[in-house]
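Colleague: Prediction below, plus the sequence it came from.
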Amino acid sequence: MTSLKRKILSSLLVVSLLLSLFSVSAFATGDAVIVYNEQELIAAIDNIPAGETGEITVGSSVIILNSTLNITSKNVVLNFENAAMLEAYEKSVIYACNANITINAHENSGMRVYGSNTDISVIKAENTLGEGEFNLTVNGGKYHFYEGKVFDISSGVRAVLNEVVCFGAVESSGGEITISCGRFTNDVSAYAAQNKWCGQHGDYFYVRNKEYSDEYCQILDGGKVVFNYAKPEPESEASWLIAEDFNMVNPDFYFDPMGFNEDFTQCEIGFRIESPYEEYHTVDVVWNYDSKVYEEAKKFIEKFPQDREWFNVTDLELANYWVNNDPYSESEIDTLANYSGELKGYLDNTNFLFTVEIRGGADEPFFTERIGSAKLIHNGIVYFASGYLGAKAEHAIYVPESTGSSAQELIAAAQKRIDDYIGAGKIEISLNNDTVEQYYNGEIAEYDRQLAEYQSRLEIARARYEEEMAKEEKDWDIITECQWEIMDCENQLTYIPDYKQYFIESFEEGGHLNFLNKAAGGYFFNVAVGEEIYKFVIIKDDTKLAVPSYTSVDLNTKVQVNSSSSEIPLDTMVEVEKLTDGEEYDRIIEILNASENETYDIKLRSETLNQYVTKLDNGSFEVKLPIPDNFKGKTLAVYYIDENGLPVRYSVIPDGDFAVFSTEHFSIYTLVQEGEQEGYSVLDLINLRNYLLEKTELSVNNISKLDVDGDTVLTMFDLLKIKALIFAQ
C-alpha cells in the first residue's frame with residue numbers, strides 16, 4: 001500500500017491527526033445540538049464557551065469544503081447518527097488546541113478526509129503539545145483517510161496526543177486497529193519546510209513521552225541507543241535485521257525498521273506496546289563500528305558476484321564441516337559458509353565471520369543448503385547484512401581420473417584422500433546398496449505412490465461426504481471430518497506434482513542435483529561420521545583434487561596464521577590483540593628486557609566448536625608477524641613466556657614484510673631484535689635431545705617429543721632433565 005501523501009500545510013505550524021494511545025473514556029453529558037450541514041456545525045462549535053463542554057449530534061453527512069473548524073480550549077462531544085459522516089475536502093483544516101474531543105459513532109458512521117492537501121490539525125504556537133492538552137476519545141465508527149486508506153476503530157478506545165505528530169492510516173480488517181504514523185519532531189517549521197509525507201504501510205502509531213521510565217533507560221547508553229552495526233546505506237536491508245535483532249534481545253520493546261529518520265541518526269522505539277502503559281520515544285542513535293574496517297568490508301562485498309544467493313562448500317571442505325559440525329545443534333545460526341574456500345577468497349582470508357540465521361535451505365540426501373539472514377561480522381560488529389544469502393554443498397568427493405571404476409577402487413581412492421587430509425578413523429566410507437539411477441527412479445515412484453494414495457482418499461472422502469449429506473439426520477462431525485479430508489487431499493494433489501517436477505528438473509542442466517549424473521560407476525556411497533550417516537557420490541576429476549589449507553588474517557594487525565593440519569575447523573578465525581601496555585605486557589617486557597617490541601595476544605576461535613583452538617596434537621601453525629620499519633634489516637626472534645615465567649625463543653625467518661615462525665600452540669608472542677634477550681630456545685632443546693639420542697636430524701616438528709617429564713608442556717624442567725642425563729653420561 002502506498003503512502004497517504006498528506007502534505008504539511010503550514011511552514012510555521014505543523015499539522016497532525018487525531019489519534020494516539022488508547023483507553024476507554026466517559027461520554028460528555030448535556031443536551032446535544034443537532035447539525036445537518038457545514039454552517040450549522042461551525043456555528044455549534046463556535047457557540048461552545050472556552051473551557052466548557054458542548055455536545056453536538058451530526059444528524060446527516062456533513063461536508064466541510066475549504067473551511068476551518070476551530071476548537072480551542074473546548075470540550076466537544078460529537079455524536080454521529082446512523083450512516084452520518086463528517087467529510088473534509090480540499091484545504092479544510094480542523095484546529096484543536098488545549099481541547100478534548102469525544103466522538104460517538106455507529107459502525108457505518110464516522111469521519112472521512114479526502115485529498116493530499118486536506119488535514120485534521122492539532123496546532124499549538126509553541127510547536128509542541130503538553131500531556132493532556134489535547135485528548136481524543138473515539139467510540140466506534142469508521143474513519144477514512146484517502147487516497148484509499150481506510151481503518152476502522154473498534155468500540156471503547158481513547159487516543160491521547162502528547163506531542164506534535166504527523167499521522168496517516170492504512171487499511172485494516174476484522175475490526176482490529178491498524179494505524180500508521182509519520183515522524184515526531186521538535187522543530188515543526190523545519191519539518192514542514194522539508195515537505196514531508198506521512199503515513200506508510202506497516203508503521204505504528206504512538207506517542208512520544210516526555211519522561212523516560214527507568215525500564216526504558218536500561219536500553220540506552222548516555223541517553224542514546226547503540227547499535228553494533230555499520231551505519232546502513234540508503235535502501236539497505238540492514239534496518240530490518242537491526243530491528244529483528246533489537247526486538248529479539250529486548251522482548252518488552254518494539255522497534256519498527258521504518259522508525260529510522262532519513263539519515264539514520266534517530267529512531268523510534270516503544271516500550272510495553274502490548275500493555276496499556278505504552279511508552280514511546282524518539283532517541284538518538286550511535287553506530288558502534290570502525291570506519292576503516294567498514295571501508296575494507298565494502299571492498300570485499302563489491303567482489304561478490306551480483307545476485308549471488310550462496311557460496312560453495314566443496315569436496316574436503318565438506319568433510320571438514322561434517323567432522324566438526326554438531327548435526328543436533330539447536331542453534332539457528334549456521335556457519336557452513338565459513339568452510340567455503342570460495343567465500344574466503346572474496347574476503348582475502350581475513351577474519352570476517354559470516355553467519356546465516358537459517359530461514360530456508362535443504363537437508364537432502366545429496367545436498368545441503370543454508371539460506372537466510374546473513375551477516376558479515378568483525379569483532380562483534382556487523383558490517384554487512386543481507387536478507388537472503390547463504391551456502392550450499394554438493395555431497396561429492398573427487399578422486400583422480402586414473403582411478404578404476406569398481407566400487408572398491410573408488411572407495412579406496414576416496415578414503416585415502418579423506419584419511420590423508422582429515423586423519424584415519426574419523427570418516428568411514430561404505431557402498432550403498434542403491435545406485436543413483438535407482439535413487440532417482442525410487443523418488444519418482446514415491447511421488448506416484450503418494451498421488452495414487454491421495455486420489456483414492458479423495459474419492460473415498462467425497463463419497464462419504466455425499467452419503468452423509470443425503471441423510472435426513474446428518475452427522476455434522478462426519479461432514480466436517482470429510483470436508484477437512486477433501487481439502488487436505490486436494491491440496492496434496494496440487495502440490496505433489498509440483499514437487500515431482502522440481503525433482504525431475506533438479507537432475508537437468510542447471511539443477512542442484514545435476515552433479516549426480518557424473519557419479520563414477522553410477523554408485524553412491526555412505527559416509528559415517530561418528531553415529532551420523534551422510535550420502536555422497538564419487539566423481540573422477542583431476543581439476544578438483546585441491547586439499548584445503550588453513551589461513552586466517554587479522555584485518556587490523558595483518559597477523560596471519562597458516563596451517564596444513566586438518567585438526568583445525570575451517571571456520572576458525574584468528575583473533576589478535578596488539579599489546580602496548582597493561583600488567584601482563586609490563587611483565588613480559590621486564591622479563592625480556594626489550595623496550596622495542598611488537599607484542600601480540602594471538603587466539604584462534606571456531607564458531608562451530610564454540611571454543612578456542614589452543615594447540616594441535618599433530619602438525620604446527622605458521623605465524624606471520626608484520627615487521628615494523630625500525631626492525632627491518634635486523635636479526636629478529638620471537639618469544640613467549642611460559643607458565644614458569646621463563647622466555648621461550650623461536651627462530652624467525654624473514655619473508656618480505658613479515659617475520660615467520662612455527663608453533664604448536666597460541667599465547668602472547670613478542671617480536672624483538674635478536675641478541676638482547678636471554679632464554680632457552682626450542683632449537684636448543686632439539687639440539688640437546690638429538691645429542692643425547694645421537695641423532696643428527698633436527699626438526700621443529702619434533703618439539704612434542706622433548707616433553708621428558710610427560711606433563712604435555714615444553715618447559716625448562718624438560719631442558720634440565722635432558723642436561724642432567726647428558727652430564728650423567
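Modeller: Perfect, thanks for sending it.

Colleague: Please count neighbours and contacts with C-alpha atoms only from this point.
Modeller: Noted.

Colleague: The closest residue to Cys217 other than its chain neighbours and Lys231, how far apart?
Modeller: Among residues not flanking Cys217 along the chain, Gly223 sits closest, at 7.2 Å (C-alpha to C-alpha, 6 or more residues apart in numbering). From Gly223 across to Lys231, the span is 19 Å (C-alpha to C-alpha, to the nearest Å).

Colleague: Of these two, which one has the most company?
Modeller: Ranked by neighbour count (other C-alpha atoms under 10 Å), Gly223 and Lys231 place Lys231 first, with 23 against 14.

Colleague: low-confidence ranges in this structure?
Modeller: Within the chain, the segments meeting pLDDT under 70 span 1-30, 66-68, 82-83, 85, 87-211, 272-278, 332, 675-729.

Colleague: domains for it, by residue range?
Modeller: 32-193, 214-288, 293-394, 417-548, 550-678, 683-728 (automatic domain parsing).

Colleague: how long is the second one end to end?
Modeller: This stretch, domain 214-288, spans 23 Å end to end (C-alpha to C-alpha).

Colleague: about what we covered before: to Glu401, which of the domains of the chain lies closest?
Modeller: Ranking the domains of the chain by proximity to Glu401 (C-alpha to C-alpha) places domain 417-548 first, at 4.7 Å.

Colleague: what sits against Glu664?
Modeller: Lys615, Leu616, Gly619, Ser620, Phe621 (C-alpha atoms under 8 Å, 6 or more residues apart in numbering).

Colleague: Please name the nearest non-neighbouring residue to the fourth one.
Modeller: Counting by C-alpha to C-alpha, 6+ apart, Glu664 is the residue found nearest to Ser620 once chain neighbours are left out, at 4.7 Å.

Colleague: What values do phi and psi take at that neighbour?
Modeller: Phi and psi for Glu664, reported as degrees, to the nearest 10, are phi -110, psi -10.

Colleague: hey, where'd the helices end up in the stretch 601-729 of the chain?
Modeller: 682-692, 716-728 (DSSP state H, counting those that start in this stretch).

Colleague: do the same with the stretch 151-300 of the chain
Modeller: Under DSSP H, counting those that start in this stretch, the stretch 151-300 of the chain gives helices at 188-193, 214-217, 238-249, 291-303.

Colleague: Which elements pack onto the longest helix along the chain?
Modeller: Looking across the chain with DSSP state H, the single longest helix is helix 436-469. The contact analysis (3 or more C-alpha pairs under 8 Å, 6 or more residues apart in numbering; DSSP states H and E) places helix 436-469 against helix 476-506.

Colleague: In its sheet, which strands sit next to whichever helix or strand comes after the helix it packs on, and in what direction?
Modeller: With elements assigned by DSSP states H and E, the helix or strand that comes after helix 476-506 is strand 523-529. Partner strands and pairing direction for strand 523-529 (DSSP bridges) are strand 428-435 (antiparallel), strand 532-540 (antiparallel).

Colleague: Tell me which of the ones you listed sits nearest to Glu244.
Modeller: So among those, strand 532-540 is nearest, using C-alpha to C-alpha, at 33.7 Å.

Colleague: got the angle for that closest one vs helix 436-469?
Modeller: 130 degrees (axes from the mean of the first three to the mean of the last three C-alpha atoms, to 10 degrees).

Colleague: Same question for strand 532-540: list its buried residues.
Modeller: Going by neighbour count (16 or more other C-alpha atoms under 10 Å), the buried part of strand 532-540 is Tyr534, Lys535, Phe536, Val537, Ile538, Ile539, Lys540.

Colleague: Tell me if I'm right that the last one and Gly404 touch.
Modeller: No - under the criterion of C-alpha atoms under 8 Å, Lys540 lies out of contact with Gly404, with a separation of 9.6 Å.

Colleague: related to what we said a few turns ago, distance to Glu55 added to the strands paired with strand 523-529, as a markdown table?
Modeller: Formatted as a markdown table, these follow (distance: least, C-alpha to C-alpha, whole Å):
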| stretch | distance to Glu55 |
| --- | --- |
| strand 428-435 | 84 |
| strand 532-540 | 76 |
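
Colleague: what's the closest of those to Val285?
Modeller: strand 532-540 (46.9 Å).

Colleague: just to revisit the earlier point, so for Leu376, which of the helices of the stretch 151-300 of the chain sits nearest?
Modeller: When the helices of the stretch 151-300 of the chain are ranked by proximity to Leu376 (C-alpha to C-alpha), helix 291-303 comes first, at 8.3 Å.

Colleague: For that closest one, could you pull out the residues that count as buried?
Modeller: So, applying 16+ other C-alpha under 10 Å, buried residues of helix 291-303: Val293, Tyr294, Ala297, Phe300, Ile301.

Colleague: And those, which is closest to Gly380?
Modeller: Val293 (12.1 Å).

Colleague: tell me the contacts of the closest one?
Modeller: So Val293 contacts Leu555, Asn556 (C-alpha under 8 Å, 6+ apart).
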